[in-house]
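no sequence for this one, just the structure:
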């Protein structure tokens with residue numbers, strides 16, 4: 001990509017200033033054969049010039065969130081705000097202290113159990129969940145308190161059976177209604 005003429009002009013001015021006043025830049029008056037790295041002030045000037053040129057070119061126009069307040073600004077001070085936002089926007093799971101991950105898992109437990117197809121798999125999942133809750137309560141590493149309750153395996157199995165039977169009955173009703181509906185041909189005519 002070609003250099004912006006304004007960037008080239010800024011670099012030229014800086015190099016000319018360096019050649020004309022070598023004592024200001026910590027160089028001996030004699031011409032050096034290798035270029036000296038830029039000082040912090042020179043870098044700052046170069047970056048500032050580049051930013052101003054990009055603004056003039058309109059590269060910062062129409063950025064997402066332009067003119068809107070920053071989310072969470074003014075709330076309590078949270079040094080880990082960026083990681084919480086990343087977890088939320090990326091919908092990452094399994095990250096964070098066990099107290100928080102178990103709370104989220106507890107909220108979605110019925111959905112998770114409904115995806116399982118056998119009683120043994122449901123029982124195994126519930127026992128693993130209860131084991132992790134008890135382990136999290138025992139840990140003394142700090143963090144938020146574990147308020148997630150353990151689950152009664154037999155009661156959850158009974159509820160899982162009821163939900164599974166209700167879903168099967170609803171599916172049977174839909175199939176029966178579809179079988180009773182008159183079939184239509186290619187152009188919407190009854191056969």
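That came through fine. Everything numeric here is computed off the predicted structure, so don't read it as measured data.

Which residues outside stretch 47-64 are in contact with it?
For stretch 47-64, the surrounding residues in contact (CB atoms under 8 Å, 6 or more residues apart in numbering) are 4, 6-7, 10. For every residue, glycine as well, the C-beta is placed using N, CA and C.

ok, now stretch 101-114?
Contacts for stretch 101-114 (CB under 8 Å, 6+ apart): 93-95, 122, 125-126, 129, 132-133, 136, 146-149, 151, 156, 159-160, 163-164, 167.

Now do that stretch: distance to the chain's middle.
20 Å (CA atoms, centre = their mean, to the nearest Å).

Figure out the length between the terminal residues of that stretch.
Taking CA to CA, to the nearest Å, the first and last residues of stretch 101-114 lie 20 Å apart.

Flag every buried residue along it.
Neighbour counts over stretch 101-114 (16 or more other CB atoms under 10 Å) mark 101-102, 105-106, 109, 113 as buried.

for stretch 112-132, same thing?
113, 116, 122-123, 125-126, 129-130, 132.

Serialize the residues you listed to CSV and add fields for pLDDT, secondary structure and distance to residue 70.
Formatted as CSV, the buried residues of stretch 112-132 follow (pLDDT from 0 to 100; DSSP: H, G, I helix; E, B strand; the rest coil; distance: CB to CB, whole Å):
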residue, pLDDT, secondary structure, distance to residue 70
113, 91, helix, 40
116, 89, coil, 42
122, 92, helix, 44
123, 94, helix, 47
125, 93, helix, 40
126, 93, helix, 42
129, 93, helix, 38
130, 93, helix, 41
132, 90, helix, 36
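
and residue 38, that one's in a strand?
No: under DSSP: H, G, I helix; E, B strand; the rest coil, residue 38 falls outside any strand and is assigned coil.

neighbours around it, how many?
15 (other CB atoms under 10 Å).

which ones are touching it?
Contacts of residue 38 (CB under 8 Å, 6+ apart): 14, 46.

Compare the contacts of stretch 47-64 and tell me which is most surrounded.
Most surrounded of the contacts of stretch 47-64: other CB under 10 Å gives residue 10, at 18 neighbours.

buried ones in whatever helix or strand it lives in?
Using DSSP states H and E, residue 10 sits in helix 5-20. Buried residues in helix 5-20, counting neighbours by 16+ other CB under 10 Å, are found at 10, 14, 18.
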